[in-house]
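>>> build me a model from this:
(chains A and B)
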There are 2 protein chains.
Amino acid sequence: MAEVSTDTFREIAERLRPEIDAALVRLTEFDDDCPSRLRDAIRYSLLAPGKRLRPVLALLAAEACGSERKQAIPPACAVEMVHAYSLIHDDLPAMDDDDLRRGRPTCHRQFDEATAILAGDALLTRAFEILATEIPDAEQSRRCLRELTRAAGASQLVGGQVDDLQFETLPGTADDLAKIHRRKTGAMITVSLRLGGIVAGASESLLTALTCYGDAVGLAFQITDDLLDVQGDEKAMGKRVGKDAGKGKMTFPGVWGIEESRRKAEQLIHQASEAVATLPCGGDALISLAHYVLERNH
Amino acid sequence: MAEVSTDTFREIAERLRPEIDAALVRLTEFDDDCPSRLRDAIRYSLLAPGKRLRPVLALLAAEACGSERKQAIPPACAVEMVHAYSLIHDDLPAMDDDDLRRGRPTCHRQFDEATAILAGDALLTRAFEILATEIPDAEQSRRCLRELTRAAGASQLVGGQVDDLQFETLPGTADDLAKIHRRKTGAMITVSLRLGGIVAGASESLLTALTCYGDAVGLAFQITDDLLDVQGDEKAMGKRVGKDAGKGKMTFPGVWGIEESRRKAEQLIHQASEAVATLPCGGDALISLAHYVLERNH
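Residues are numbered from 1 along each chain as shown, chains lettered A, B, ... in the order given. Model (predicted):
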């Protein structure tokens, strides 16, 4: 594990990505009863250019808890599938109505709306199927399923999106905003880490450390996302910059100002780094990742 | 179990329904992080008037395999949630574009399209969460999850819907039609029975008998559904009769004629009854149910 200590997150992610993408392809092969158009739409969205942040977190968490990386391939793929499903559905005309995602047409623009809804449904279902079939230990499998269904459910990922849509038309405080993001983005980031820890056989105290790290990085990630939306370069982001602010959506820089937002993000990254500094295998890669969140430009 | 032998299915379903609906309410309580609008939409669709066919099948299968009915409450609720989610998404404007379901406005008409998509997503996720949290035995829990994720996935429920949408514009044979229905309707009916059997600790040979029964009843159900669409009384169906035929959709009576369709349905019900006649607790209620499928008028 020592070799990761001097890598930046971008290098780590570049190294892990072929392994992740190969597993995502393998786990979306399906049988002949799956219509080819559906498989195409699933893979179009799932394998789109992207950071693979959530699967990378799952793999790094397993390593930091002393396990081999490949142990965490099933949960890594499952969390990426839930993420891809949520993007497909969020982009639909009835929701955020986005035409571009990661610099390419969104799923419903590339295919059609019905196919996009169904590709999302199939990805969500497949994520849980993978946890039920690809994790050898029955108790670990069940615990991963309990945690991921909760994080993706009515109180977290889905509930956060409902409130986010409402929020476009309602006034709110910074606390409301943080609450939405904790559920809509934070819960999935934290559960990615925890699932990596669970399949590594981590103790409760290690899982708690991963949760502290995830909660802090998740919120910092959203703050920097909002900062990028205000300041970022359109090409680097692959979507129209200023879109959220332009819609009258509340953002962290809108509430706190740019300087204060940046300061809070730094504070969170510091907290996150402290939380994982004592993991069995050092957590150096997770610390690199936390710093990357702060410094990224897309 | 002897008391069910002379009941018709309608009486059995009426007796089980309060127990099923109470469990569906209890299992959709969620915590305060679930937006009330989302919970309302979930319950509006989940608790709508209906036969509760799939949960009744799960409960009766568990009883027929010698277990107490209440053992099968978690899988019974999970299959009904997957069914409710699939109806919500199928009714969306981008899919079948239906305004009425079970005699009431569809979810996206009663609420809005975004809420309907998200209520479906949350129901699907909650179904799997219930199997992961409410079944005491870890191996049974995992097996239920494996089977339900498969039945609800890209090759079965979702794939069947993709092909069904395609099929509206493509010519096809009776075999194509049966293949779509086996995946879109049959797989969920069969898995409802199997999940009831699994939590009852049924042997592989009992599960095979339940599968034979489910496959036959599932296809018969679709044939009688098509017959009702041609012949049925609009009020009893709660939806516009002749809708499928009016859209130019292929139906069984359209391929085989009304008499032959009725004969095939009778044959299937006979097969189904034979398959469950030897179950440990007689399977009398399942036989009643099979006959009800043949004779129902809505």
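
>>> quick one: list the elements packing against the top helix by length along chain A.
Ranked by residue count under DSSP state H, the longest helix found in chain A is helix A:204-231. Counting by 3 or more C-beta pairs under 8 Å, 6 or more residues apart in numbering or on different chains; DSSP states H and E, the packing neighbours recorded for helix A:204-231 are helix A:53-64, helix A:174-181, helix A:187-199, helix A:243-246, helix A:252-256, helix A:258-276, helix A:284-295. To be clear about C-beta, it is placed using only N, CA and C from the backbone, and glycine gets the same treatment.

>>> dump the third one to PDB, restricted to CA.
Meaning helix A:187-199. Once side chains and other backbone atoms are set aside, the C-alpha atoms of helix A:187-199 remain, and they are given as PDB (Å, rounded to 0.1, in the frame of the first residue of the first chain):
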ATOM      1  CA  ALA A 187     -25.300   9.500   2.000                       C
ATOM      2  CA  MET A 188     -24.100   7.800  -1.200                       C
ATOM      3  CA  ILE A 189     -20.500   8.900  -0.700                       C
ATOM      4  CA  THR A 190     -20.400   7.700   2.900                       C
ATOM      5  CA  VAL A 191     -22.100   4.400   2.000                       C
ATOM      6  CA  SER A 192     -19.500   3.800  -0.700                       C
ATOM      7  CA  LEU A 193     -16.800   3.900   1.900                       C
ATOM      8  CA  ARG A 194     -18.700   1.800   4.400                       C
ATOM      9  CA  LEU A 195     -19.500  -0.900   1.900                       C
ATOM     10  CA  GLY A 196     -15.700  -1.100   1.100                       C
ATOM     11  CA  GLY A 197     -15.100  -1.400   4.800                       C
ATOM     12  CA  ILE A 198     -17.800  -4.000   5.300                       C
ATOM     13  CA  VAL A 199     -16.400  -6.400   2.700                       C
END
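
>>> now the angle between helix A:204-231 and that helix, please.
Interaxial angle of helix A:187-199 relative to helix A:204-231 (axes from the mean of the first three to the mean of the last three C-alpha atoms, to 10 degrees): 150 degrees.

>>> helices or strands up against helix A:187-199?
Looks like helix A:187-199 contacts helix A:53-64, helix A:73-91, helix A:138-151, helix A:157-167, helix A:204-231 (3+ C-beta pairs under 8 Å, 6+ apart).

>>> which residues of the stretch 1-150 of chain A lie near chain B?
A:30-31, A:33-35, A:37-39, A:42, A:85, A:89, A:92, A:94-95, A:112-115, A:117-118, A:120-122, A:124-126, A:128-129, A:131-133, A:138-139, A:141-142, A:145-146, A:149-150 (C-beta under 8 Å from any C-beta of the partner chain).

>>> of the residues you listed, buried ones?
Among the residues of the stretch 1-150 of chain A next to chain B, those classed as buried by 16 or more other C-beta atoms under 10 Å in any protein chain shown are A:30, A:33-35, A:37-39, A:42, A:85, A:89, A:92, A:94-95, A:113-115, A:117-118, A:120-122, A:124-126, A:128-129, A:131-132, A:138, A:141-142, A:145-146, A:149-150.

>>> my guess is residue A:34 is in a strand, correct?
No: Residue A:34 sits outside any strand when classified using DSSP: H, G, I helix; E, B strand; the rest coil, being coil.

>>> got the contact list for it?
For residue A:34, the contacting residues are B:154-155, B:159, by C-beta atoms under 8 Å, 6 or more residues apart in numbering or on different chains.

>>> out of the residues you listed, which touch chain A?
Checked against chain A using C-beta under 8 Å from any C-beta, those give the following subset in range: B:154-155, B:159.

>>> if we can go back for a sec, can you list the buried residues in the longest helix of chain A?
A:206-207, A:209-230.

>>> separation between the residue most central in space within chain A and residue A:28?
In chain A, the centroid-proximal residue (C-alpha atoms, centre = their mean) is residue A:54; its distance is 4.2 Å. When distance is defined by C-beta to C-beta, to the nearest Å, residue A:54 is 16 Å away from residue A:28.

>>> about what we covered before: format the ones next to chain A among the contacts of residue A:34 as TSV; extra columns: pLDDT.
Written out in TSV, the entries for those read as follows (pLDDT from 0 to 100):
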residue	pLDDT
B:154	98
B:155	97
B:159	96
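
>>> select the helix or strand of chain A having the lowest average pLDDT value.
Comparing helices and strands within chain A by mean pLDDT, DSSP states H and E singles out helix A:234-237 as the least confident, with a mean of 53.

>>> please name the nearest non-neighbouring residue to residue A:294.
What sits nearest to residue A:294 in space, not counting adjacent residues and going by C-beta to C-beta, 6 or more residues apart in numbering or on different chains, is residue A:269, at 5.0 Å.

>>> and residue A:122, by the same measure?
With sequence-adjacent residues excluded and distances taken as C-beta to C-beta, 6+ apart, residue A:122 is closest to residue B:154, at 4.0 Å.

>>> helix, strand, or coil at that neighbour?
coil.

>>> and for it, the neighbour number?
Neighbour count of residue B:154, defined by other C-beta atoms under 10 Å in any protein chain shown: 26.

>>> again with the one 3 residues further on
The burial metric for residue B:157, expressed as a neighbour count using other C-beta under 10 Å, is 28.

>>> thought it was touching residue B:83?
No: using C-beta atoms under 8 Å, residue B:157 is not in contact with residue B:83; the gap is 9.2 Å.

>>> give me the common contacts of the two.
Counting by C-beta under 8 Å, 6+ apart, the residues touching both residue B:157 and residue B:83 are residue B:188.

>>> tell me the SS of residue A:66?
The three-state assignment at residue A:66 reads coil, by three-state DSSP.

>>> show me the contacts for it.
By C-beta under 8 Å, 6+ apart, the residues touching residue A:66 are A:200, A:280-281.

>>> and these, which of them are buried?
By the neighbour-count criterion of 16+ other C-beta under 10 Å, the contacts of residue A:66 include these buried positions: A:200, A:281.

>>> nearest to residue B:273, of the contacts of residue A:66?
Each of those was checked against residue B:273 using C-beta to C-beta; the closest is residue A:200, at 51.0 Å.

>>> need the pLDDT of the closest one.
Here, the pLDDT recorded for residue A:200 equals 98.
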